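Enquirer: Quick one: sequence and predicted model below, then my questions.
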Amino acid sequence: MSTNHAFAGAHELARLIRTKEVSALELTQLFIERIERLDGDVNAVVVRRFERAVEEAKAADAALARGESLGPLHGVPLTIKESYVMAGTPATWGIEAYRDNVAAKDGLAVQRFRAAGAHFLGKTNVPVDLSDIQSYNPIYGTTNNPWNFERTPGGSSGGSAAAMAAGFSALEAGSDIGGSIRTPAHFCGVYGHKPTWGIVPEAGHEIVEGVPDPDVSVCGPLARSAEDLALALDIMAGPIEREAVGWQLNLPVPGIQTLAGLRVALWPDDAMAPVSREIADKVVMVGETLARLGAVVSDTARPEIDFRKGHNIFRSLSGATMASGQPASRIAEIQRYVDALAPDDDSAAAVSARAAVMSHREWIRHNFRREKLRRAWDAFFQDWDVVIAPLTSMTAIPHDHRPLDERTINVDGAERPYFEHIFWAGWPNVAFLPATAFPVGLSSEGLPICLQSVCMSYQDHRAIEIARLIGQEIGGFTPPPAFAS
């Protein structure tokens, strides 16, 4: 087995297994060897089930020898974010109180990957309660970025993106409420897809069984190729068993074969969250490439939306979701803070605090405002196929474990609020738009840069296909030098 196999796409590895050019056992042993040899400096695969993975690989090989096909990922070894439920493994979300929360059975996402023929090497690291753009917690420690160990791989799917970049497994699944798939993809230089809200059930991505799908949040794949994103999305998407009685998902095909004629809106920068020059330049570079290939490109086309108000709607609805698990004592503390706010205070702290104690009446009012945003995007996508935009304001940041209110980010030498950059992840999330993260090269510091292709709701495969076609032109994923051999 060669290093090339460690960085091959899951779809390609599945083909090699089907044609018996490699075995599931050989691939599984390759990834196990790489994790044992290289993960000490990364700390991505924090829950390991190697013995079971070997047995499952042997079973896949035996099934193939009998002429049986287990599915499109027959025999392919994966990892998955720690927050997913898998029999015999903990799902702690990095919360100390749930250290011993070991599952008795597989959750839905794990079941669907297994039904597609895959098996699991283990699970990857997360921040506490999935609530940070850095991945560290008191149970598993800190995950480092394979491109630079002094930098974070992002969060909350930081271990997922780091495992992909380092060649520790063939495919991953993460989750995203404020960029938690796309920010780690950007920091680690891999692909990630945030689906249209509601098409991928969150059942099985939980601490307590039976929690209904939360607002704004989604589950989706991370990979080293756009082809693998499309494959994994089709495996993950579709109704839960109760809903399948009455409806089936039928996502449209991409509807494009070439970048020529594509109607592209570029959004390289915004005063809401200023972007580093290098990242903005990558948006422009992609636009120039698309124009040269015959696309219609505009850097001024925008929907009729007040994006400051739209971002407040995102922060309010996502903040309400993320605060829902807070203890009563903490909510009471936040309520006292809110009671003391001036009525016209729309600072980030005020918006977040009000979101945490929002009444259902106020949620309905925000949801009505969100529907206006969605209708504006519907109208926009009648004229434009895709928006190409940054994912964050900066490349992978240094580790910073100070209290959240003491942290900042650095954008071209200027200190900016720590969570300001989530503007870029937020506008697709609040409007339920599909967004695909795709790599476009390295910064002057040698750190990856990804952008996002954002399409109309339910045009997930178009967003992914556009990312694939752009990758053909500008290179796609490349391994971090320290892990390429």
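Expert: That came through fine.

Enquirer: Please name the residues that touch V411.
Expert: P274, V275, S276, S393, M394 (Cβ atoms under 8 Å, 6 or more residues apart in numbering). For the C-beta atoms, the positions are set from N, CA and C on the backbone; glycine is no exception.

Enquirer: Tell me, how many residues neighbour the fourth one?
Expert: Just to be clear, that refers to S393. Summarising burial for S393: neighbours were counted as other Cβ atoms under 10 Å, giving 24.

Enquirer: Give me the pLDDT for it.
Expert: At S393 the predicted local confidence, pLDDT, stands at 98.

Enquirer: Next, the contact list for the nearest residue to it once chain neighbours are set aside, please.
Expert: With Cβ to Cβ, 6 or more residues apart in numbering as the criterion, S393 has its nearest non-adjacent residue at 4.0 Å, and that residue is H421. Counting by Cβ under 8 Å, 6+ apart, H421 makes contact with A273, T392, S393, M394, I409.

Enquirer: Find the residue closest to H461 in space, skipping its chain neighbours.
Expert: In space, not counting the residues next to it along the chain, H461 is nearest to P254; the distance is 4.8 Å by Cβ to Cβ, 6+ apart.

Enquirer: List the residues that contact the one you found.
Expert: P254 is in contact with Q459, H461, R462, I464, E465, I466, counting by Cβ under 8 Å, 6+ apart.

Enquirer: Who are the contact partners of A170?
Expert: With contact set as Cβ under 8 Å, 6+ apart, A170 has these partners: A8, G9, A10, L13, L27, F31, V76, P77, L78, D228.

Enquirer: Which residues are in contact with the nearest residue to it once chain neighbours are set aside?
Expert: Ranked by Cβ to Cβ, 6+ apart and with sequence neighbours excluded, the top spatial neighbour of A170 is A10, at 4.1 Å. Contacts for A10 (Cβ under 8 Å, 6+ apart) come out as L73, V76, L78, A170, L171, A223, D228, L231, A232.

Enquirer: now swap in G441 and tell me
Expert: G441 neighbours (Cβ under 8 Å, 6+ apart): K282, P448, I449, I474, G475.

Enquirer: Would you format those as JSON lines with pLDDT included?
Expert: Output for the contacts of G441, formatted as JSON lines (pLDDT from 0 to 100):
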{"residue": "K282", "pLDDT": "98"}
{"residue": "P448", "pLDDT": "98"}
{"residue": "I449", "pLDDT": "98"}
{"residue": "I474", "pLDDT": "94"}
{"residue": "G475", "pLDDT": "85"}
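
Enquirer: so of those, which ones are in helices?
Expert: In helices, judged by DSSP state H, the following of those are found: K282, I474.

Enquirer: Please indicate which of the contacts of G441 are buried?
Expert: With burial judged by 16 or more other Cβ atoms under 10 Å, the buried subset of the contacts of G441 is K282, P448, I449.

Enquirer: so which of the residues you listed comes closest to A59?
Expert: Of all these, A59 sits closest to P448, with 36.3 Å by Cβ to Cβ.

Enquirer: Excluding covalently adjacent residues, which one is nearest to the closest one?
Expert: Excluding its sequence neighbours, the residue lying closest to P448 (Cβ to Cβ, 6+ apart) is G189, at 2.8 Å.

Enquirer: What is the burial count for the one you found?
Expert: Other residues lying near G189 total 30 when counted by other Cβ under 10 Å.

Enquirer: how close does it get to K81?
Expert: Counting by Cβ to Cβ, to the nearest Å, the separation of G189 from K81 is 18 Å.

Enquirer: On the three-state scheme, R374 is what?
Expert: Taken by DSSP: H, G, I helix; E, B strand; the rest coil, the conformation at R374 corresponds to helix.

Enquirer: what about it, distance to S457?
Expert: Using Cβ to Cβ, we find R374 at a distance of 7 Å from S457.

Enquirer: One more: D234?
Expert: For D234, the distance to S457 under the criterion Cβ to Cβ works out to 17 Å.

Enquirer: One more: Q29?
Expert: To S457, Q29 is 42 Å away according to Cβ to Cβ.

Enquirer: First residue to last residue on stretch 475-485, what's the distance there?
Expert: With Cα to Cα, to the nearest Å as the measure, stretch 475-485 spans 19 Å from end to end.

Enquirer: sorry, back to before: most neighbours out of the contacts of P254, which is it?
Expert: Ranked by the number of neighbours (other Cβ under 10 Å), the contacts of P254 place I464 first, at 30 neighbours.

Enquirer: Mind telling me what element that residue is part of?
Expert: Secondary-structure element containing I464, defined by DSSP states H and E: helix 460-474.

Enquirer: That helix packs against which elements?
Expert: Packing contacts for helix 460-474, counted by 3 or more Cβ pairs under 8 Å, 6 or more residues apart in numbering; DSSP states H and E, involve strand 191-194, helix 226-236, helix 277-292, strand 386-390, strand 435-442, strand 448-454.

Enquirer: from the chain's centre, how far out does it sit?
Expert: If you compare the mean C-alpha spot of helix 460-474 with that of the full chain, they lie 16 Å apart, counting by Cα atoms, centre = their mean, to the nearest Å.

Enquirer: Run the angle between it and strand 386-390 for me.
Expert: Comparing the axes of helix 460-474 and strand 386-390 via axes from the mean of the first three to the mean of the last three Cα atoms, to 10 degrees yields an angle of 60 degrees.

Enquirer: Now do the buried residues in stretch 283-296.
Expert: In stretch 283-296, the ones that count as buried by 16+ other Cβ under 10 Å are V283, V286, G287, T289, L290, L293, A295, V296.
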